[in-house]
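K.L.:
sequence unknown, structure follows:
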Ligand SMILES: Cc1cn([C@H]2C[C@H](O)[C@@H](COP(=O)(O)OP(=O)(O)O[C@H]3O[C@@H](C)[C@H](O)[C@@H](O)[C@H]3O)O2)c(=O)[nH]c1=O
């Protein structure tokens, strides 16, 4: 990490600006932060990452000072913004508006003026959309939309097929994961670093980063009945409320005590770490429960079986997205395992506790084929090109 502060944002015309509004939780900033780091690291692009909420950001980048308007980490210029604070914006080559966050009118006006005076200098304006495995994504990816101002904005859809914008995955990530998983000492060292010294290499370890759901209690009860020692590692967040409810204690107690034991089950409350640390946590567990968009993808890159607790949307639209993903994930999986895994995910997301218990047990018995599938999946999902490389190519060809 190079740490010399960016003095201002008057970087070369050849820079990219990424704008992010933190709607909720960490997914919006999580995705844009990964993309910004990768564009710098692998494509030597100068990137300004404009973020409205540095407090949320600091949960996944602990070195960040939430009160500093401009700072520089991993080669990325991080700039705090709100509609009124943008006075010295210099357009670069590309302007990424993440997840339809609205750009300030001052910037739009600047682009309109540029179009009139120097059209070749107008940055390529891209709206980076949320990830979905639905079929319609292919047809909408990379379409331009003419704005009332005469400017053109392109819709960039990440996705799981060659005709979409791809998936964020750094060039060497899967090799790094393989060498990490090759030696069990890596995971034990990580657990020790997180303050847990008594996990043995053969223990069953699950990470849990979900929204609130009573399904978690069902899984705890399942592990309690088993003779094998299990550890549930819970980064501090929304899952704790459900654990506290199940254990009839308070979230504060969980956070204070950090370790709870029920028979052979150990529940450990972890601090949130940076993304690098979180990836390694996912690589180190036998099973991961993840959520939202970014941790969902990182669980896939971990090559381990997982449950996706999808971000809830109005009219249960999220279940359509969940089904679309499961359909492609299960494509090369034996139908009886695929069915159990899909039913488990549906039940978990719908708080259907009886079905969670039933399908979790089946999945537990089918762990090895599911693991084999999870290991192979990233190559199928990436289709030869990750999101950053497709995005850079898209910019070059536009
Ligand atoms: C637990 C943990 C997570 N993280 C990171 C991983 C991810 O980048 C980020 C979590 O983001 P997600 O997994 O996407 O889940 P999320 O629930 O935090 O974010 C959600 O926000 C909503 C507004 C969006 O609509 C959703 O699609 C989704 O993005 O936090 C760490 O860096 N360290 C940690 O210790």
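P.N.:
Great, that's in hand. Just so you know, these numbers come straight off a predicted model, no measurement behind them.
K.L.:
Apart from its neighbours in sequence, what residue is nearest the closest residue to the ligand within the stretch 201-350 of the chain?
P.N.:
Proximity of the stretch 201-350 of the chain to the ligand (CB to the nearest ligand atom) peaks at residue 292, 2.2 Å away. (C-beta placed from N, C-alpha, C; glycine too.) For residue 292, ignoring the flanking residues on the chain, the nearest one in space by CB to CB, 6 or more residues apart in numbering is residue 27 at 4.1 Å.
K.L.:
Pull the number of nearby residues for the one you found.
P.N.:
By other CB atoms under 10 Å, the residues close to residue 27 number 20.
K.L.:
dump the residue contacts of the most centrally placed residue in the chain.
P.N.:
Compute the mean C-alpha point of the chain, and by CA atoms, centre = their mean the closest residue is residue 294, 1.0 Å away. Residue 294 makes contact with 26, 27, 30, 31, 34, 168, according to CB atoms under 8 Å, 6 or more residues apart in numbering.
K.L.:
Swap in 6 Å and give it another go.
P.N.:
Applying CB atoms under 6 Å, 6 or more residues apart in numbering, we find residue 294 in contact with 27, 30, 31.
K.L.:
How many residues are close by the residue of the stretch 51-200 of the chain found nearest the ligand?
P.N.:
Nearest residue of the stretch 51-200 of the chain to the ligand: residue 60, at 3.5 Å (CB to the nearest ligand atom). Close neighbours of residue 60, defined as other CB under 10 Å, add up to 20.
K.L.:
Tell me which residues touch it, please.
P.N.:
Per CB under 6 Å, 6+ apart, neighbours of residue 60: 26, 275.
K.L.:
close to the ligand, is the strand or helix carrying residue 97?
P.N.:
Here residue 97, judged by DSSP states H and E, is contained in strand 94-98. No: if you take CB under 6 Å from any ligand atom as the test, strand 94-98 misses the ligand, and the best it gets is 10.5 Å.
K.L.:
Could I get the buried residue list for that strand?
P.N.:
By 16 or more other CB atoms under 10 Å, the buried positions in strand 94-98 come out as 94, 95, 96, 97, 98.
K.L.:
possible to save those as CSV with distance to residue 327 and pLDDT?
P.N.:
Formatted as CSV, the buried residues of strand 94-98 follow (distance: CB to CB, whole Å; pLDDT from 0 to 100):
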residue, distance to residue 327, pLDDT
94, 33, 98
95, 34, 98
96, 29, 98
97, 30, 97
98, 27, 97
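K.L.:
from the residues you listed, which two are the most distant?
P.N.:
94 and 98 (12.4 Å; CB to CB).
K.L.:
picking that back up, of the contacts of residue 294, which belong to helices?
P.N.:
27, 30, 31 (DSSP state H).
K.L.:
measure the closest residue to the ligand within the chain to residue 355 for me?
P.N.:
Ranking the residues of the chain by distance to the ligand (CB to the nearest ligand atom) places residue 27 first, at 1.6 Å. Computed with CB to CB, to the nearest Å, the distance linking residue 27 and residue 355 is 27 Å.
K.L.:
can you check residue 204 too?
P.N.:
Separation of residue 204 from residue 355 (CB to CB): 22 Å.
K.L.:
One more: residue 362?
P.N.:
11 Å.
K.L.:
can you pull the buried residues of stretch 180-193?
P.N.:
180, 181, 187, 188, 190, 191.
K.L.:
try stretch 382-395
P.N.:
Going by 16+ other CB under 10 Å, stretch 382-395 has these buried residues: 382, 383, 386, 387, 388, 389, 390, 391, 392, 394, 395.
K.L.:
And stretch 53-67, by the same measure?
P.N.:
For stretch 53-67, by 16+ other CB under 10 Å, it's 53, 54, 56, 57, 58, 59, 60, 61, 64.
K.L.:
got any ranges where the protein has weak pLDDT?
P.N.:
Applying pLDDT under 70 to the chain flags residues 1-13.
K.L.:
again, 50 this time
P.N.:
Applying pLDDT under 50 to the chain picks out residues 1-3, 5-10.
K.L.:
What residues does it have near the ligand?
P.N.:
Applying CB under 6 Å from any ligand atom, we find that the chain lies next to the ligand at 23-28, 30, 60, 130, 209, 235, 272-275, 278, 291-296, 311.
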